[in-house]
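# One predicted model, sequence on top.
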2 protein chains.
Amino acid sequence: MSLYSRRGVSAQKEEVHQATAGLDKGLYPFAFCRIYEDFLGNDPDWVNLMHADGAGTKTILAYLYWKETGDLSVWKDVARDAVAMNLDDLLCVGICDNLLFSSTIDRNKSRIPGEVLKAVIEGTQEFFDELKTYGVTIQFMGGETADVGDLVRTIAVNGTMTARWPKSRIITNEKIEAGDVIVGISSSGKSLYEKFYNSGIGSNGLTSARHDVLESVYGHHYPETVEPSLDQDVIYNGTHKLTDRVKTETGEEMEVGKLLLSPTRTYAPVVKAILENNFDQLHGMIHSSGGGQTKCLKYLPRPLRIVKDNLFTPPVVFDLIRRSSGADDREMYQVFNMGQRLEIYADPSAADALIDQVRAFHMEARVIGRVEASPIKELIIDTGKNQIRY
Amino acid sequence: MSLYSRRGVSAQKEEVHQATAGLDKGLYPFAFCRIYEDFLGNDPDWVNLMHADGAGTKTILAYLYWKETGDLSVWKDVARDAVAMNLDDLLCVGICDNLLFSSTIDRNKSRIPGEVLKAVIEGTQEFFDELKTYGVTIQFMGGETADVGDLVRTIAVNGTMTARWPKSRIITNEKIEAGDVIVGISSSGKSLYEKFYNSGIGSNGLTSARHDVLESVYGHHYPETVEPSLDQDVIYNGTHKLTDRVKTETGEEMEVGKLLLSPTRTYAPVVKAILENNFDQLHGMIHSSGGGQTKCLKYLPRPLRIVKDNLFTPPVVFDLIRRSSGADDREMYQVFNMGQRLEIYADPSAADALIDQVRAFHMEARVIGRVEASPIKELIIDTGKNQIRY
């Protein structure tokens, strides 16, 4: 049994796919999100979407950091995670503006006081206010906060977005074809619209990362952050304190806790520009969330080979996790984004323009790979040291 | 400290109201749900809403019953709870059709297997299929199911709905005035569109009801259903087993577990008819969810007195809870619906037509009270034995 399974998580979500097998999958089977006809406007030229996601177990890291340091700002970062995990999925179908958002928060009142709720909810609105200055409008429509301490150990922060969008401006991944280049955008660094260095972590694989990196003292002091039936040897079996300092690839020192809690970067401002300027050259888009760099395989419209042989050097947070967990490249690239959370499949003629636009927002981008003809759907990740086939 | 507080729940949600105080409250401050301009269609004659709610800790009762009996059907009931708690809130602003739904499920994979997910998700679609035969169309747009065992002890089942609706057909509660009658619709019995007797319980107050009614053995056998820091004397301190049988007011015998797990009845089919036939005579509508029979006080548009002096005799499930908890009428009516989960404020001339339409769906309805002039906002509940002022 893998460490992942022993901790009660699954990178591939087999059971979820089985449970939802009978549902209406929408108009475009290979699109990154489920897209439906325009029930709300009844216009054949428009589509509707709803999308749900959340901060997952990243809230537990925020809880630990807040309990240890008193720093409430990490709860505002969690709010950003819950938004960006929705928003960046929607970017992949070409939706980048005029969104509605509703939050769903389940808390344990005996552990989570009102000031934490306030930070999460105000942090959400602050993020929307910032995004609006970049032309990305999201309306906060309210939500539900429930006190369910017998159900939730600390706090679960989720959100749901709704969009109505012109059919002629959506991306369905159907156009992905042999000959496409893949432009990847870095998940780390400090973009034009971020106030701090972002480690690149996103909101996936955090159960693993937390247990692998942090030391056992957290399990002893905060048993409310662990499912009690887990084996002791998979719980907080790392060597780090949250406040240990490590040097990032940019040379600055940062606490381990802050590295793991870096809010999921949204690519909305830059993708908005790209959608406006290069829409006709875009063939597909993938948010490397759950499933990491292998996520793309799920959305290939037909047998094709994806070759990624020029990925970014993984930023420090992934070195930290790898050293702590002893995971090999195959597993690391299957769970984490490894430094690139958005990839654009495009006509080669568009590559330079895409890269220039990303750089204008102070983020790194480059051609990280290509699509080749193949009799089967496959993915090759070549890290320079290892060639991994999925 | 009240029993309620000692169990980490709050009927009035003071901290949530503080946390959300800075948010945009929408166009109509007294409407039952937040209503916003038509961001999705940009039409001044239409409005948009998103609404989130869930089954709350009722999932824990389903968990206990399923573990004890192996009966998976209770998970389909939980799916109905998560839908009806959203749908019936939306009915109160006049919205009863053409809805979008997205689910948010957080589960502990080590406790909740795939077959439970399947029951919840398929139960949701089955409910939508049934409602469609009554003219209530809800489109299942997907959702998110996350494995977060370190966060959630068993399973949290939430949902979010989106609606776009003509402004001329919404109910804002602004028209509630002295002289209005209040027509209440029973929450118990067996309606035309239900397959079994409904106890009337809804999805509120279930943390209290579960601990007050059920005996301590459940705490010992299923510690995963309790926040461990709660005092022992507030945990499962009742006298009943889930499989104890009690006689309902209709004379049939039913298990205590099934009484508490009765799925929240939706009033959508009947309210749809009423909205079509009597819209101009409707002044307001209240879903007596959290806050029970006192919920109405929050939505009064100006100083007025609500007098409820002809409420239904509470069905058996509330007797059971009252006997178990020792709560007085003041508390019972403040937490539970006590047999009436929807109340319609209307011109007296409409009362007979409203009642007739409800009865056509095999549910009881009657004038349960009235609105009177008053210098302050107040509520009087007269049970025949007690007159309670809120």
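Yep, that arrived.
# Mean confidence (pLDDT) on stretch A:270-278, please.
The pLDDT scores in stretch A:270-278 average 98.
# got any ranges where the stretch 1-150 of chain A has weak pLDDT?
A:1, A:11 (pLDDT under 70).
# which bits of the stretch 251-390 of chain A sit near chain B?
By the rule C-beta under 8 Å from any C-beta of the partner chain, no part of the stretch 251-390 of chain A lies against chain B. For every residue, glycine as well, the C-beta is placed using N, CA and C.
# when you scan stretch A:44-55, is anything in it near chain B?
Yes: on the criterion C-beta under 8 Å from any C-beta, stretch A:44-55 is in touch with chain B at A:Asn48, A:Leu49, A:Met50, A:His51, A:Ala52, A:Asp53, A:Gly54.
# quick one, strands of the stretch 101-250 of chain A?
Using DSSP state E, counting those that start in this stretch, the strands assigned to the stretch 101-250 of chain A run over residues A:138-147, A:155-166, A:181-186, A:245-247.
# ditto for the stretch 251-390 of chain A
Per DSSP E, counting those that start in this stretch, the stretch 251-390 of chain A carries strands over the ranges A:253-255, A:282-287, A:304-308, A:340-346, A:365-373, A:378-382, A:387-389.
# Same list, those strands, but as CSV with mean pLDDT please.
As requested, those are exported to CSV (pLDDT from 0 to 100):
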stretch, mean pLDDT
strand A:253-255, 96
strand A:282-287, 98
strand A:304-308, 98
strand A:340-346, 98
strand A:365-373, 98
strand A:378-382, 98
strand A:387-389, 97
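# Output the ones you listed as TSV; include the columns distance to B:Trp66.
Listed next are the strands of the stretch 251-390 of chain A as TSV, based on distance: least, C-beta to C-beta, whole Å:
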stretch	distance to B:Trp66
strand A:253-255	43
strand A:282-287	35
strand A:304-308	42
strand A:340-346	38
strand A:365-373	46
strand A:378-382	40
strand A:387-389	41
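# Make JSON lines out of those strands and add distance to B:Phe312 and mean neighbour count.
What follows is the strands of the stretch 251-390 of chain A, written out as JSON lines (distance: least, C-beta to C-beta, whole Å; neighbours: other C-beta atoms under 10 Å in any protein chain shown):
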{"stretch": "strand A:253-255", "distance to B:Phe312": "59", "mean neighbour count": "15"}
{"stretch": "strand A:282-287", "distance to B:Phe312": "51", "mean neighbour count": "25"}
{"stretch": "strand A:304-308", "distance to B:Phe312": "63", "mean neighbour count": "21"}
{"stretch": "strand A:340-346", "distance to B:Phe312": "55", "mean neighbour count": "27"}
{"stretch": "strand A:365-373", "distance to B:Phe312": "65", "mean neighbour count": "19"}
{"stretch": "strand A:378-382", "distance to B:Phe312": "62", "mean neighbour count": "18"}
{"stretch": "strand A:387-389", "distance to B:Phe312": "66", "mean neighbour count": "14"}
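# one step back: let's see which of the residues of stretch A:44-55 next to chain B end up in strands.
Among the residues of stretch A:44-55 next to chain B, the members falling in strands (DSSP state E) are A:Asn48, A:Leu49, A:Met50, A:His51, A:Ala52, A:Asp53, A:Gly54.
# you'd agree the fourth one is up against A:Asp89?
Yes: using C-beta atoms under 8 Å, A:His51 is in contact with A:Asp89, at 5.8 Å.
# domain ranges for chain A?
In terms of domains, chain A is parsed into A:3-196+A:262-389, A:207-260 (source: automatic domain parsing).
# A:Val361: how many residues sit nearby?
Slight slip there: residue A:361 is Phe, not Val. Neighbours of A:Phe361 under the rule other C-beta atoms under 10 Å in any protein chain shown: 18.
# my bad, should have said A:Ser73
A:Ser73, neighbours per other C-beta under 10 Å, totals 14.
# Name the nearest residue to it, ignoring sequence neighbours.
A:Ala119 (7.4 Å; C-beta to C-beta, 6 or more residues apart in numbering or on different chains).
# Test my guess that the one you found contacts A:Arg80.
No: using C-beta under 8 Å, A:Ala119 makes no contact with A:Arg80, being 11.4 Å away.
# give the contact list for A:Asn277.
Shown in contact with A:Asn277 (C-beta atoms under 8 Å, 6 or more residues apart in numbering or on different chains): A:Ala353, A:Gln357.
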